[in-house]
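A.B. asks: 3D model of this:
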Amino acid sequence: MRHFSKLLFLCAAACARAQTPVDTIWSARWVVTMDAQRRVLENGAVAIVGDHIAAVGPRAEIDRAYRPQQRVDRTDAILAPGLINTHTHAAMSLFRGIADDMKLQDWLQNFIFPAEAKNVDREFVRWGTRLAVLEMALSGTTTYTDMYYFEDIVAEVTKEAGLRGVLGQTVIGFPAPDFKTPHAALAGTETFFTRYASDPLIVPAVAPHAIYTVPDDALKASRALADRYRKPLIIHLSETKTENDEALKKRKMTPTAALNALGVLTGWTVAAHGVWLTDADMQILKARDTGLAHNPSSNMKLASGVAPVVKILNLGIAMGLGTDGVAGSNNDHDMMEEIDLAAKLQKVATSDPQALPAPQAFAMATILGARALHMDKLIGSLEKDKRADIIIVSLSTAHAVPMYNVYSHLAYALKGSDVTDVMVNGRPIVRDRRMLTLDARPIMAKAAEYQERIKKSLR
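C.D. replies: Below is the predicted model:
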């Protein structure tokens, strides 16, 4: 017996030596990879080293091959790539619900722009972004695309929280809270580009607001600046019929055709909405490899229209999902809700229940969103050598049982509040539904302070 015990000890020691050391192994009942084969692994695991994924596979294989320093095992959960929010305005979280149930132009001109002029400064952006990234992280978003003011502050908070951000400094044709002219905003953007030239979490971007709010020379200068630094340009595009009608009246072209004629779409571009795209517009966007951000909640709430998502995806144009801002165009940052609405909206709009099926809707929030951002070589799926951006979603609630299909649950049953664990770039930032990098208490207290301040400013 003593000899047998010694043999077992020696075998265990030899096996341990044969295992490759890794920082962490995360495992779950189901692993949804979103790789090219769309593998769904029962009892799967992911091994992580530093900021990247070392291996993905069945748990038994991962356990034999790797020895972790730390382990997270969720036996009743789904492990999936982090969700990618391809369009929002994070700091506007402090305006949540300030003006509801109206059309976009009325909402912007009569409520949002005046409220911003009276309230937005660097500290507003700091606390508004903290509130947004807290909400996003707790509901499974690991990467978000922003367009707002004081974007250097947005970047600081994003890094503080540990999220990944494609962050666009706004360029607009009237005095903004941070820069009073488009020229000044472009100069500030260049400084922003330099500061975050090669940051592991931050991709700085230039964000001319829209064709109807930015002069043509500033649109061209934005493209030139983005190309010079090899960074993205973010813009709103064909969000409303009014935008399209005004462009046709003024320019005899659609917004897409006009931007293309100006040379704005010739490089790395992410365009938000695309509700009123023509077939010719889609061909331009496909030729230019422009990424699109679909915002179903926002488009529905503002009655902007229904984007032709099925047609866009069938053309091979990369289109992700976004929440938009939460000041009234949408009132939360829950990407799980956007997945659900995106699928259902296409079904009712096309009278086809097979339009935008659950796996494709979930792909829009992960790998297709990564492609829209031109970042699919880094994020969007669980594959060897990609960045370790991972979420775990619990299956232990009443609305999560029984389960017959993983994608069905991810699209139609599970909620952002079901997310229990989040990792970004190999760093855990949420554990057991608690944010590890930010203290929620002062953020909530500041939000209450700003509520009273904003209410007084609007009287």
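A.B. asks: the helices in the stretch 351-459 of the chain, which residues?
C.D. replies: 358-364, 367-372, 406-408, 440-457 (DSSP state H, counting those that start in this stretch).
A.B. asks: who's in contact with the second one?
C.D. replies: Read it as helix 367-372. For helix 367-372, contacts defined as CB atoms under 8 Å, 6 or more residues apart in numbering pick out 34, 81, 83-86, 143, 270, 291-293, 313, 318-321, 376, 378-381. C-beta coordinates here come from the backbone N, C-alpha and C atoms, glycine included.
A.B. asks: so for the one helix or strand residue 272 maps to, what gets flagged as buried?
C.D. replies: Per DSSP states H and E: residue 272 is located in strand 269-273. Neighbour-count burial for strand 269-273, with 16 or more other CB atoms under 10 Å as criterion, is recorded at 269, 270, 271, 272, 273.
A.B. asks: just the pLDDT for the first one.
C.D. replies: Per-residue pLDDT puts residue 269 at 98.
A.B. asks: so how far is residue 222 from it?
C.D. replies: 10 Å (CB to CB, to the nearest Å).
A.B. asks: now the common contact residues for these two.
C.D. replies: With CB under 8 Å, 6+ apart as the test, residue 269 and residue 222 both reach residue 233.
A.B. asks: residue 203: what secondary structure?
C.D. replies: strand (DSSP: H, G, I helix; E, B strand; the rest coil).
A.B. asks: I'd like to know how far it sits from residue 52.
C.D. replies: As judged by CB to CB, residue 203 and residue 52 stand 17 Å apart.
A.B. asks: now residue 189
C.D. replies: 30 Å.
A.B. asks: what about these two, which has more around it?
C.D. replies: The neighbour comparison of residue 189 against residue 52 (other CB atoms under 10 Å) goes to residue 189, with 28 against 16.
A.B. asks: what's the closest non-adjacent residue to the more buried one?
C.D. replies: Excluding the flanking residues, the one nearest residue 189 by CB to CB, 6 or more residues apart in numbering is residue 169, at 4.3 Å.
A.B. asks: for the one you found, phi and psi?
C.D. replies: Taking degrees, to the nearest 10, you get phi -80, psi 120 for the backbone angles of residue 169.
A.B. asks: just give me the neighbour total for residue 129.
C.D. replies: Around residue 129 there are 32 residues (other CB under 10 Å).
A.B. asks: check contacts around it.
C.D. replies: Residues near residue 129 by CB under 8 Å, 6+ apart: 90, 91, 93, 153, 154, 157, 158.
A.B. asks: the residue lying closest to the first one once chain neighbours are set aside: neighbour count?
C.D. replies: Put plainly, it is residue 90. What sits nearest to residue 90 in space, not counting adjacent residues and going by CB to CB, 6+ apart, is residue 132, at 3.7 Å. Using other CB under 10 Å, the number of residues around residue 132 comes to 33.
A.B. asks: could I get the pLDDT score of residue 132?
C.D. replies: pLDDT recorded at residue 132 is 98.
A.B. asks: wait, it sits on residue 96?
C.D. replies: No: with contact taken as CB atoms under 8 Å, residue 132 and residue 96 are classed as non-touching, separated by 9.7 Å.
A.B. asks: for these two, list the residues in contact with both.
C.D. replies: Common neighbours of residue 132 and residue 96 (CB under 8 Å, 6+ apart) are residue 326.
A.B. asks: follow-up on the earlier one: can you name the element that comes right after the strand holding residue 272?
C.D. replies: Using DSSP H and E, the helix or strand that follows strand 269-273 towards the C-terminus is helix 279-288.
A.B. asks: how many degrees apart are that following helix and strand 269-273 in direction?
C.D. replies: On the basis of axes from the mean of the first three to the mean of the last three CA atoms, to 10 degrees, helix 279-288 is oriented at 150 degrees to strand 269-273.
A.B. asks: next SSE after helix 279-288?
C.D. replies: Per DSSP H and E, the first helix or strand lying C-terminal to helix 279-288 is strand 291-294.
A.B. asks: show me what that next one is in contact with.
C.D. replies: Contacts for strand 291-294 (CB under 8 Å, 6+ apart): 86-87, 145, 237, 269-274, 285, 307, 309, 312, 317-322, 342, 364, 371-374.
A.B. asks: same check on stretch 444-459?
C.D. replies: 93-95, 98, 114-115, 118-119, 124, 127-128, 130-131.
A.B. asks: which of the residues you listed fall in strands?
C.D. replies: Among the contacts of stretch 444-459, no member is found in strands (DSSP state E).
A.B. asks: most widely separated two among those residues?
C.D. replies: Farthest pair in the contacts of stretch 444-459 (CB to CB) is 114 and 130. Separation: 24.0 Å.
A.B. asks: what about those two, which has more around it?
C.D. replies: For residue 114 versus residue 130, neighbours defined as other CB under 10 Å are more numerous around residue 130 (26 against 13).
A.B. asks: close enough to count as contact, the more buried one and residue 158?
C.D. replies: No: if you go by CB under 8 Å, residue 130 and residue 158 don't touch, sitting 9.7 Å apart.
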